[in-house]
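Engineer: let's see this in three dimensions:
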Amino acid sequence: MQIQAAAPLAPLTTMRVGGPAERLVTATTTDEVVDAIREVDDADEPLLVISGGSNLVIADSGFPGTVVRIATKGVRVESDDRCGGANVRVAAGESWDGFVERAVAEGWSGIEALSGIPGLTGATPVQNVGAYGQEVAQTISQVVTWDRHEQQVRTFTNGECAFTYRHSIFKASDRYVVLETVFQLRIADLSAPVAYADLASQLGVDLGARVPLADARDAVLAQRRKRGMVLDPSDHDTWSCGSFFTNPILTAEQSEAMLERVAARLGPDVAPPLFPASNGRVKTSAAWLIDRAGFGKGYAMPGPAALSTKHTLAITNRGEASAADVAHLARTVRDGVEDAFGVRLVNEPVFVGHSL
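Structural biologist: Residues are numbered from 1 along each chain as shown. Predicted structure coming up:
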């Protein structure tokens, strides 16, 4: 276990903003994670748990307490057969994309469309990470956590995780800290059915087709690079939290009101993309709303914070941005979309020490 005082936090996040931690503990084993968290909780002191930092915007003032950084390692194959599939237990501190790469190489199907997503594996069930028609909820069988209230290990089945769009029981509070995740993946040479139109077009197949796992991964990485969504230290378009806002899910009444605002602003023949969601709701595109509200690619360039030149959904640090700069731009975009279309966007990354 490594302990540092006044430790910089910005380099530990993909947005690269934020002040220092009063105390940073880097835990490399599950026991160290539990011991570090228990010590802080027993002392009733402020605690922040971080992993890959890909979904955090930490305040410029930093964090006035202990930050526990999870750096655990381990991928254990518990079973691997055609009937039951591959059951694989992954430590929270393992690289997510590293695990996806291994799954593709091993012939484990079900997460190949989640290639290139930054961060660590333990964060994926918290956010119910998803992209290109896949979500981790489709392949997670168990999530092993430390319950800070009961001070004991608690294991959740998939159904107990309360997975919904970019949400779970773990995101709803800071009670549970993910220690391990167990995935159940199909043994197959081919991908899950391709569920995203641009991906199908790039692969030259119809929606719903299956392709070799390596081809699916390569195509997803190409799509993400085109949008600045694969980390590259030399490319400021990737100094971000990825998609900054979730796609709005609207009631029928909210959808009708939005369509009226769109028609009034853009004309009767213009309409946003709409997709069916649960309970009679509809999902629309945050990127479409942002662009049509007047915030196109590269808005606010040259910065210090600006929308990505490749993707309107990404707020980026052009090299010298502060957390306040990022929050100001996010607030401007959110409020502008609400003024234009009556839809209030919800930020996907977690704000620490400040808010929108």
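Engineer: for the longest strand seen in the chain, list every residue counted as buried.
Structural biologist: Longest strand in the chain, counting residues (DSSP state E): strand 176-187. Neighbour-count burial for strand 176-187, counted by 16 or more other Cβ atoms under 10 Å, picks out 176-186. Every C-beta, even on glycine, is put in place using the N, C-alpha and C of the backbone.
Engineer: and stretch 206-219, by the same measure?
Structural biologist: Buried-residue list, stretch 206-219, by 16+ other Cβ under 10 Å: 211, 213, 215-219.
Engineer: and if you look at stretch 189-206?
Structural biologist: Quick answer for stretch 189-206 (16+ other Cβ under 10 Å): 190-194, 196, 199-200, 202-203, 205.
Engineer: circling back: possible to save the buried residues of strand 176-187 as TSV with distance to Ala103?
Structural biologist: Below are the buried residues of strand 176-187 laid out as TSV (distance: Cβ to Cβ, whole Å):
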residue	distance to Ala103
Tyr176	25
Val177	24
Val178	19
Leu179	20
Glu180	16
Thr181	13
Val182	13
Phe183	8
Gln184	12
Leu185	6
Arg186	10
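Engineer: go through the buried residues of stretch 206-219 and say which is closest to Pro349.
Structural biologist: Arg217 (25.1 Å; Cβ to Cβ).
Engineer: count of residues packed around Leu356?
Structural biologist: Residues lying near Leu356 (other Cβ atoms under 10 Å) number 15.
Engineer: let me see the contact set for it.
Structural biologist: 327, 330-331, 334, 347 (Cβ atoms under 8 Å, 6 or more residues apart in numbering).
Engineer: per-residue confidence for the residue most central in space within the chain?
Structural biologist: Geometric centre of the chain, nearest residue: Val129, 5.2 Å, by Cα atoms, centre = their mean. Note for Val129: predicted pLDDT of 95.
Engineer: again with the one 5 residues further on
Structural biologist: According to the model's per-residue confidence, Gln134 sits at a pLDDT of 95.
Engineer: likewise for Leu221?
Structural biologist: pLDDT, Leu221: 97.
Engineer: in which helix or strand would I find it?
Structural biologist: If you go by DSSP states H and E, Leu221 is part of helix 213-226.
Engineer: next structured bit after that helix?
Structural biologist: strand 249-250.
Engineer: which residues sit against that following strand?
Structural biologist: 165, 258, 277, 281-284, 343.
Engineer: do the same with stretch 261-281
Structural biologist: Residues contacting stretch 261-281 (Cβ under 8 Å, 6+ apart): 165, 249-252, 255, 258-259, 282-285, 288-289, 292, 340-342.
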